[in-house]
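Need a 3D model of the sequence below.
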Amino acid sequence: MLTPDVRFEAWTPADWSRFLSIWKVAATPAVDAAANDEAPRGGLVLVHDGGRVRKALHTLDGRVDPLTITWPRSLSDLAQEHRAAWVWALHVGALEELMERFGARVRRGDDALTQALTFFAAFRELLAEGAVASWPRRLESIPIPTRAMVDRAIDALVPPGRAALLALYEDGDLWTAAVARRAMGAPVRFDLLAGPIQLRREIGLVSGEFRRDYRHLVEAVEALYAPVAVSLHADVATFRRLITRAEPGDWARAVALRDVVLSPIPQVLALPLGVDATRGAVHFATKMASQVDPIGIVQPLLQWFSHLLPELPAVGGRAAPGFDPLDVLRKLLARGDEGARADRS
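Numbers count the residues shown, from 1 in each chain. Next up, the predicted model:
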């Protein structure tokens, strides 16, 4: 997705560290010591031959004696027994088979994104065949997009010669920001990833309220880099909560209340927000129905309706991805216990 001569500029080590920290999987919040001893922590990786476990490793506790693990058995039971937030079980030879399939399909000249999509397609095949098993299966229902689908989505979000901006604030100050500029022409490439150093200099003195200051930041990006196709502005704590622990409707509510400012907002993002608002209404109605519907007729109907929502219609004549991108982001970054609940929902 990057040009060979891509520029990284206007970053301090602190700003870059802050930007990367946003996308880390959320840690379990601190609780009292007794409860924390029982909280899921780390992950468990098993290698088995179908009848018994050959090797076992807990990512925090180290090696586990394979003779102490009864196999085969439910991965969720193993996770509970070893207090693991997730479990991977690989059949002997699964990794070698994965690399064989990947090597047979990758082509000289494929960029990093194309290689990643090829790799995950082969990995999904092994999951379907049972050579690799995981718990929780957070993204089981999410199809792996093709490169053409990814390019179309980026075209709709950031046209050539324009930029995308993510700006996060803390106590009214610009905590960190990232500008990604799309190169002209095809294929889809970005030739610049810029940080907040120059932007802080350009916006100068501000009011300390990002709901007013974001306009000055957008103007600074357009003066320095390129016209802005999409920008997102939010308090860093709010953004972290939304990408890791958002309930149905939370994104739409945050935008409506201006806890998150999208300006400009492309049509390709307006549609998922509308779906999220509808899902939030259904989620609220389901909770109310559980209190006033003793027979249990209304709840199944509402749940059935909510399962129809991720099927997004086409936008502007382009095929939609067939899943809710906001929900995918939440499942990827949720901490282990919440990810498991999301997987069961």
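
Isn't Leu199 up against Ala177?
Yes: with contact defined as C-beta atoms under 8 Å, Leu199 counts as touching Ala177 (5.8 Å). The way it works is simple: take the backbone N, C-alpha and C, and place the C-beta from them, glycine included.

quick one: which of those two has more around it?
It is Ala177, of Leu199 and Ala177, that has more neighbours when counted by other C-beta atoms under 10 Å, with 26 against 23.

low-scoring stretches of the stretch 201-345 of the chain, by residue?
The model of the stretch 201-345 of the chain has pLDDT under 70 over residues 205-206, 268, 270-345.

give me that answer again for 90
Counting by pLDDT under 90, the stretch 201-345 of the chain shows low-confidence ranges at 201-210, 212-213, 240-258, 262-345.

Give the residues shared as contacts by Leu199 and Ala177.
167, 217 (C-beta atoms under 8 Å, 6 or more residues apart in numbering).

Checking Pro248 next. Helix, strand or coil?
At Pro248 the chain is in coil, as set by DSSP: H, G, I helix; E, B strand; the rest coil.

Now do it: how many residues are near it, please.
By other C-beta under 10 Å, 25 other residues sit near Pro248.

same deal with the one 4 residues further on?
Counted with other C-beta under 10 Å, the burial measure for Ala252 works out to 22 neighbours.

other SSEs contacting whichever strand or helix holds it?
For Ala252, the element it lies in under DSSP states H and E is helix 250-256. Judged by 3 or more C-beta pairs under 8 Å, 6 or more residues apart in numbering; DSSP states H and E, the packing partners of helix 250-256 are helix 236-245, strand 260-262, helix 267-292.

Name the residues of the shortest one that are buried.
Okay, so that is strand 260-262. Within strand 260-262, the residues that count as buried by 16 or more other C-beta atoms under 10 Å are 260-262.

Which neighbouring elements make contact with it?
With contacts taken as 3+ C-beta pairs under 8 Å, 6+ apart, strand 260-262 sits against helix 210-224, strand 228-235, helix 236-245, helix 250-256.

ok so, going back, between the buried residues of strand 260-262, which is nearest Asp173?
Closest approach between these and Asp173, by C-beta to C-beta: Val261, at 16.0 Å.

Can you report how many residues neighbour the nearest residue to that closest one once chain neighbours are set aside?
Among residues not flanking Val261 along the chain, His233 sits closest, at 4.3 Å (C-beta to C-beta, 6 or more residues apart in numbering). If you count neighbours by other C-beta under 10 Å, His233 ends up with 24.

Tell me the buried residues in stretch 210-228?
So for stretch 210-228, counting by 16+ other C-beta under 10 Å, buried means 210, 213-214, 217-218, 220-221, 224-226, 228.

I misspoke; the intended subject was stretch 127-135.
131-135.

Quick check: mean pLDDT of that stretch?
Confidence for stretch 127-135, expressed as mean pLDDT, is 91.

Mind exporting the C-alpha coordinates of it to PDB?
Listed next in PDB are the C-alpha coordinates belonging to stretch 127-135 (Å, rounded to 0.1, in the frame of the first residue of the first chain):
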ATOM      1  CA  LEU A 127      -8.900 -23.100   9.900                       C
ATOM      2  CA  ALA A 128     -11.800 -24.500   7.800                       C
ATOM      3  CA  GLU A 129     -10.000 -27.800   7.400                       C
ATOM      4  CA  GLY A 130      -9.400 -28.200  11.100                       C
ATOM      5  CA  ALA A 131      -5.600 -28.200  10.900                       C
ATOM      6  CA  VAL A 132      -5.700 -25.000  13.000                       C
ATOM      7  CA  ALA A 133      -8.300 -24.300  15.600                       C
ATOM      8  CA  SER A 134      -8.800 -21.100  17.700                       C
ATOM      9  CA  TRP A 135     -10.900 -19.800  20.500                       C
END
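
Thanks again, I'm all set now.
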